[in-house]
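Can you look at this prediction? I've put the sequence above it.
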Amino acid sequence: EVSDKEKNLVHKVKDYLKENFAEEEISLNSLAAMYYVNSSYLSRVFKEKTGMTFSNYLFELRMKEAESLILRTDLKSYEIAEKVGISDPHYFSSCFKKYTGMSVSEYKKKGK
């Protein structure tokens, strides 16, 4: 059945993202190619099944991991950025602030 195939695809993509979100090159196109589907199809199915766009899902995975690393480690902001697949530390900082409403240092203080 089609919807089972779609569920399965989305499940595989989510699993892959969980394991590999730190790879900077990850993209909807690269995953569509990996699973032999059209990227607009993957985009639509992913949103239908998760309620989120692919890029928002990936963004959230990365930010959740960043939150966890900030609270559990003493890594510098740029090191955390690299660990979550964002090579530009300034971009990471603005993403993090957009996601949490706080800068990395504010978040760290709050968590201590």
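Good, I have the coordinates.

quick one: the helix or strand containing N8 to chain centroid distance?
Assigned by DSSP states H and E, N8 belongs to helix 2-20. Distance of helix 2-20 from the chain centroid (Cα atoms, centre = their mean, to the nearest Å) equals 14 Å.

downstream neighbour of it in the secondary structure list?
Assignment by DSSP H and E places the next element after helix 2-20 at helix 28-34.

List the buried residues in that following helix.
L28, L31, A32 (16 or more other Cβ atoms under 10 Å). Using the backbone N, CA and C atoms, a C-beta is placed for each residue, glycine as well.

just checking, M102 touches K110?
Yes - with contacts counted by Cβ atoms under 8 Å, M102 reaches K110, the gap being 6.8 Å.

Comparing the two, which shows the higher neighbour count?
M102 (16 against 11; other Cβ atoms under 10 Å).

tell me the SS of that one?
Recorded secondary structure, M102: coil (DSSP: H, G, I helix; E, B strand; the rest coil).

How about the contacts made by it?
Contacts here follow Cβ atoms under 8 Å, 6 or more residues apart in numbering; on that basis M102 touches F96, K110.

Quick check: end-to-end length of stretch 26-41?
End-to-end span of stretch 26-41 (Cα to Cα, to the nearest Å): 17 Å.
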